[in-house]
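Asks: Here's a sequence, model it:
(2 chains)
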There are 2 protein chains.
Amino acid sequence: MQSNAKRPRVVIVGAGFGGLNAARKLAGRDVEIVLIDRTNHHLFQPLLYQVATAALAPSDIASPTRAMFRRDRDITVIMGDVTGVDTARRVVAIRETGELAYDYLVLATGAAYSWFGHDEWAAHATVLKSLEDAETIRLRLLGAFEWAESRTDAAEIARLLTFVIVGGGPTGVELAGAIAELARSTLARDFRHIQPAAARIVLCEAGPRLLAGFPPSLSDYTLRTLGELGVEVRLGANVEMIDAFGATASGERIDSANVFWCAGTEARPAARWISADAARNGAAQVEPDCSVPGHPDIFVIGDAASLAGADDKLLPGLAAVAKQQGKYVAEVIARRIAGRPAPGPFRYHDLGTLAVIGRSRAVAHLGRVRLRGFPAWLIWSLVHLFLLAGFRNRLMVYMNWSWAWFTYGRGARLITGIPPEEESAAPLRDETAQAAKRPRPAGTVLRS
Amino acid sequence: MQSNAKRPRVVIVGAGFGGLNAARKLAGRDVEIVLIDRTNHHLFQPLLYQVATAALAPSDIASPTRAMFRRDRDITVIMGDVTGVDTARRVVAIRETGELAYDYLVLATGAAYSWFGHDEWAAHATVLKSLEDAETIRLRLLGAFEWAESRTDAAEIARLLTFVIVGGGPTGVELAGAIAELARSTLARDFRHIQPAAARIVLCEAGPRLLAGFPPSLSDYTLRTLGELGVEVRLGANVEMIDAFGATASGERIDSANVFWCAGTEARPAARWISADAARNGAAQVEPDCSVPGHPDIFVIGDAASLAGADDKLLPGLAAVAKQQGKYVAEVIARRIAGRPAPGPFRYHDLGTLAVIGRSRAVAHLGRVRLRGFPAWLIWSLVHLFLLAGFRNRLMVYMNWSWAWFTYGRGARLITGIPPEEESAAPLRDETAQAAKRPRPAGTVLRS
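Replies: All right, here's what the predicted structure looks like:
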């Protein structure tokens, strides 16, 4: 890659909502743009739970990043893993590839799940952040019913058919509602020995209400609606332990083969790369123009950044914030290069928040307007179809949703990716896996 | 699972074309049917190469088996791994689940790839048999272009952009043609540093012509057409070595990071389970009614069986043979239970064979009719759409094909499933992976 002496180079790390919008807005502004991401695709995270619950295929919500910028000859897309930044030499290090010099740097590296100091739980609970995570949840979810169908021990069947979701934010609520509908509708008549509709779904939230970012009246509606779907909601439930056999929340033991973790997030290590001050969740503390104190040419945006809004409260970790910050820093950089005055500080325009609970059930908080039920669900559906990148993805998601609406079916009910050595043993980890490998006495077999 | 004393139980192992059709035909015939498969889905293998080349999503060509039999209350579907058969006690052993008694047993376990005694090649070449295989090929294929884009060493770039396909049967031809179109059309304008259209695609066939099962005139057409697509075809090329850096065929060394194995197949171990005589490829030798000599209640069908046709030649390993045998053994079993005379020996009705080479290019051998080019391609498309199980899959495949036809795009260009420890290092295996982890000298970096 040769340097073009005439044009400054902007390196953007991360092709999520923030990085993508920064690149789009900078294209054609007489800069050279390099967009680096660890994957080859932009992922539409708001619909990731639908991949996890077999409603959509991974390719329905992900688009190859370089195809999105095919016509922007100023933009080079690189699939690579950034491992650090040398702010003195102004280079970004990419694993096994080398270094890349920058004139301006935009770090939009997003967030990962935080285990609140209990990293050992990661071995027993599944998170939902990447397409791989979604496929792992799909494997465990669909696999639990399959494995239960051929088991004879009632306690083991009950453990396989108990799903614990930790975290009552939008992801936890969406996942709990979708699992309930999968068990009660889609799978209801597909088994001969187990009753999928009898599956237990427990949603544990440490705080006093679900969807803490929404007005209390919508939290109440969500609680009621999840109850109608058969989800057991535990409020004020502190998860104290997750192991191979289940979870303990505020003293209550729940035997479960399937614990899904949708609790707190933690910024990816952008702040550490540049030795910036970080908030408690690891997000870099930035100036009102999203630049890093002492490094006016480095910007951190989205979930990787910690910035207060107009009301002095920290901006939430939402796609809308990342998108607006991406466009904003592109404008800051373009103006600085052109020698024009900087825009005012970043201002987040809250266009509203939406969360879906299930079929025809959602909540919407749009300024002073609060909607619930079918109207909110319709808005949620239309907004998400509209926000999806690319005509093909919109069409495919629309078709899948329409098909699911009429048939209660789910189009991506695939179990793939079982590690060969633990095939069929997936629900039984650690000690149980060993026990399970011993042949069972003839009395417990399927037909004696 | 309790035995029903009134009705005999038919256990079918494998939910491929053979097992699925046996189950369908037996449904409602006053038998209890248990269908066991290692996966939860029926896979439409003829389109697997389109998943491998990012044209279709995995869920487009796979349907959950138990959903297909939702309304057949006589059929129990079990996801499990059969590990053996006790013919004396008439039970099937399922890993970690127990034993399952049968009155009649249908083994439809299919075939896997054979390495012709070179099992060590499996570490360096990828096969195409399961959805996981297809996703691995997709990862390597799309990854090769991504990794080449950020490399500076010309030899390494050339190695990454060289694709070797071993085996000139239908799968090898389809894969080679699809990779050529991916490189020359879909990806052509998406990169800034490499020329995807300059990728080398080498197809090695040990025999004297491609598609040996077709008439020679269609083999000639296939050879010519692949040449037009830029595929280098090597006939009479014996692969002598596959390692981490490429392959050697009849003395010619081809440096390549991507070797795909579509050569011979080997039956899965059904014959060994029942100690039946096996052909050289491991397939069980069966009687003219597909039963196993000495075990009139056990049937082996499809790729797992070795049976001569009316012309004394062994029946080919085709979906059509497996399907017809599945229906045939269902009839044999149903008649025997009803005390009616057995049907005549199995007769394969050859409805023709089809293979696709690329966009608007295919060959068709339908009795005396030989077609090539667009007419053959149209028949291929319609037949495959028709044969796909389920309205949803047909619709999705039709939509994806239409979209690809007009845009030359591919809807499933996702790289997922990179093992965490070798992230970004995937094209560099064994010794090279070690070397690659050493930091490179500053002179070889992207921008010095």
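Asks: for chain B, what are the nearby residues on the stretch 101-250 of chain A?
Replies: Taking CB under 8 Å from any CB of the partner chain as the contact definition, the stretch 101-250 of chain A meets chain B at A:101, A:131-132, A:135, A:142-143, A:146-147, A:149-152, A:189-193. Bear in mind the C-beta positions are built from the backbone N, C-alpha and C, glycine included.
Asks: Just these: which are in helices?
Replies: Residues of these located in helices (DSSP state H): A:L131, A:E132, A:E135, A:L142, A:G143, A:E146, A:W147, A:E149.
Asks: Just the local confidence number for the fifth one, please.
Replies: Right, A:G143. Listed pLDDT for A:G143 reads 94.
Asks: same check, this time on the second one
Replies: The per-residue pLDDT reported for A:E132 equals 92.
Asks: wait, doesn't A:V356 sit right on A:G177?
Replies: Yes. Shown here, A:V356 and A:G177 form a contact pair, counting by CB atoms under 8 Å, at 7.2 Å.
Asks: In terms of neighbours, single out the busier of the two.
Replies: A:G177 (27 against 24; other CB atoms under 10 Å in any protein chain shown).
Asks: so who does the more buried one touch?
Replies: Contact analysis of A:G177 by CB atoms under 8 Å, 6 or more residues apart in numbering or on different chains lists A:T225, A:L226, A:L229, A:V231, A:V356, A:I357, A:G358, A:R361.
Asks: ok, the third one - how many residues close by?
Replies: Residue crowding around A:L229 was assessed by other CB under 10 Å; the count is 19.
Asks: Contact partners for it?
Replies: Here A:L229 is in contact with A:G177, A:A180, A:E181, A:R184, A:I357, A:G358 (CB under 8 Å, 6+ apart).
Asks: now it, nearest residue through space, not along the chain?
Replies: A:A180 (4.1 Å; CB to CB, 6 or more residues apart in numbering or on different chains).
Asks: ok, how many other residues are close to that neighbour?
Replies: Count around A:A180 with other CB under 10 Å applied: 23.
Asks: Can you pull the phi/psi pair for it?
Replies: phi -60, psi -50 (degrees, to the nearest 10).
Asks: can you tell me how far it sits from chain B?
Replies: Counting by CB to the nearest CB, to the nearest Å, the separation of A:A180 from chain B is 19 Å.
Asks: and if you look at A:A197?
Replies: 14 Å.
Asks: ditto for A:R272
Replies: 19 Å.
Asks: Report the secondary structure element holding that residue.
Replies: Using DSSP states H and E, A:R272 maps to helix A:270-273.
Asks: what helices or strands is that helix leaning on?
Replies: For helix A:270-273, the elements it packs on are strand A:82-86, strand A:284-285, judged by 3 or more CB pairs under 8 Å, 6 or more residues apart in numbering or on different chains; DSSP states H and E.
Asks: which of these is buried the deepest?
Replies: Mean neighbour count (mean count of other CB atoms under 10 Å in any protein chain shown) peaks for strand A:284-285 among those, with a mean of 22.
Asks: Parallel or antiparallel, list what pairs with the next helix-or-strand element following that one.
Replies: Per DSSP H and E, the first helix or strand lying C-terminal to strand A:284-285 is strand A:291-292. Applying DSSP bridges to the sheet, strand A:291-292 is found paired with strand A:295-300 (antiparallel).
Asks: what's the partner strand in contact with?
Replies: Against strand A:295-300 from outside (CB under 8 Å, 6+ apart): A:85, A:87, A:90, A:102-108, A:270-271, A:274, A:276, A:283-284, A:286, A:289-292, A:329, A:332-333.
Asks: what about burial for those residues, which qualify?
Replies: Using 16 or more other CB atoms under 10 Å in any protein chain shown as the burial test, the contacts of strand A:295-300 include A:85, A:87, A:90, A:102-108, A:270-271, A:274, A:276, A:283-284, A:286, A:289-292, A:329, A:332-333 as buried.
Asks: And the helices in the stretch 301-448 of chain A, which stretches?
Replies: Secondary structure of the stretch 301-448 of chain A (DSSP state H, counting those that start in this stretch): helices at A:319-338, A:373-387, A:391-407, A:430-437.
Asks: Just say which of the ones you listed is most tucked in.
Replies: Scoring these by mean count of other CB under 10 Å, the most buried comes out as helix A:319-338, with a mean of 21.
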